[in-house]
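Asker: Okay, predicted coordinates and the sequence, questions at the end:
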Amino acid sequence: MDGVTVQAPGKVNLRLLVGPVRADGYHPLRSLMVALDGPADRVTVAPAAQRSVTCPGIDGPDNLAWAALDALERAAGEVLPPVAVTIDKVLPARAGMGGGSSDAAAVLVAADRLLGLDFGAQRLEKAAAEVGSDVPFFIRGGAQWATGRGEVLAPASAPAFACVIVAGAAGLSTAAVYRAFDDLPPPPPDDGAPPPSGAAGLARWCRNDLWPAARSLDPGLAKVHDLLTSAGAAPALLCGSGSAIAGITATADEAGAIAERVAVALPPARVMRAGFPGA
């Protein structure tokens, strides 16, 4: 086999509830995550004389893809044939869309197929949990409730929607956002409300407890948020820990109209369209 190519999609956290920091330094989460149809990285794993990871900006062992290969070897209990990983980046970095985690999951899936390991989803998810909190989600995809550090998954339902995602060039550090979160008053408790049955209900239900922290680090995010809502998005929602913001609509036509308005008003920003088919 010459190589295996897998698409690595982005995600949106329709609800992201964050608890106080634990003794181990992590924050307990409860989040409804959905994998998006839209812009995606392209990850190729091919046979090679020695292991390599090629990715714009993050080559070699510093890339999560390298850690994914290490985790796959531990799961296999043996040294695996070397592979070359090539990541064609489309998703923005430091945007909260899970691009690096999605790439790592795609490497696990592609390498498993290329090397004929036939691990299956359960073993791949276990290996993925060693790589990063969001990586198991991208093995499973769809809509999932994520708890713990984000690695404990349970299938969920979420309505179909379209969205416009606006990402600036700078991005935000996840660690910095959580430090800012710790310095702010705690968010209100979880109301336990189930996801709505239709996209119209998302405006009242979506929530991201990291929004005040991200906004404090980059006040310009408020302008993007307000522009999306004034253009018709309901709601506009921080992606993960940021810095991308997703404006959610019921239809692709509505998303297209919002994208045109935002692109004119924020020419330096990157404007992407995506969606979720429902689950």
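Answerer: Arrived safely, thanks for sending.

Asker: Same question for stretch 103-113: list its buried residues.
Answerer: Using 16 or more other C-beta atoms under 10 Å as the test for burial, stretch 103-113 gives 103-112. Quick note: C-beta positions are derived from backbone N, CA and C, even for glycine.

Asker: And the contacts of that stretch?
Answerer: The contact list for stretch 103-113 (C-beta atoms under 8 Å, 6 or more residues apart in numbering) reads 4-8, 41, 43-45, 55, 63-65, 67-69, 71-72, 80, 83, 85, 87, 117-119, 124, 127-128, 131-132, 135-139.

Asker: quick revisit: quick one: which of the buried residues of stretch 103-113 sit in helices?
Answerer: Within the buried residues of stretch 103-113, residues falling in helices by DSSP state H are 103-112.

Asker: Could you list the buried residues of the strand ranked longest in the chain?
Answerer: Secondary structure of the chain read by DSSP state E shows that its longest strand is strand 29-47. Neighbour counts over strand 29-47 (16+ other C-beta under 10 Å) mark 29-36, 38-41, 43-46 as buried.

Asker: Can you give me the distance of the residue nearest to Asp118 when sequence neighbours are not counted to Glu73?
Answerer: With sequence-adjacent residues excluded and distances taken as C-beta to C-beta, 6 or more residues apart in numbering, Asp118 is closest to Asp112, at 7.2 Å. Per C-beta to C-beta, to the nearest Å, Asp112 is found 12 Å from Glu73.

Asker: Repeat that for Val90.
Answerer: Applying C-beta to C-beta, the value for Val90 to Glu73 is 28 Å.

Asker: Same check on Arg123?
Answerer: As judged by C-beta to C-beta, Arg123 and Glu73 stand 13 Å apart.

Asker: So between these two, which is more surrounded?
Answerer: Shown here are Arg123 and Glu73; by other C-beta atoms under 10 Å, Arg123 has more neighbours (17 against 14).

Asker: is it true that Ala169 lies in a strand?
Answerer: No: using DSSP: H, G, I helix; E, B strand; the rest coil, the assignment for Ala169 is coil, not a strand.

Asker: burial of it, as a residue count?
Answerer: 11.

Asker: swap in Ala129?
Answerer: Residues lying near Ala129 (other C-beta under 10 Å) number 19.

Asker: these two touch, right, it and Phe138?
Answerer: No: using C-beta atoms under 8 Å as the test, Ala129 is too far from Phe138 to be in contact (11.6 Å).

Asker: shouldn't Ala257 be in contact with Ala233?
Answerer: No: Ala257 is not in contact with Ala233 according to C-beta under 8 Å; the separation is 10.4 Å.

Asker: In terms of packing, which of the two has more residues around it?
Answerer: Each of Ala257 and Ala233 has its neighbours counted (other C-beta under 10 Å); Ala233 has more, 25 against 15.

Asker: Tell me who's in contact with that one.
Answerer: Ala233 neighbours (C-beta under 8 Å, 6+ apart): 163-164, 247-249, 258.

Asker: Out of the residues you listed, give me the one that has the most neighbours.
Answerer: Cys163 (30 neighbours).
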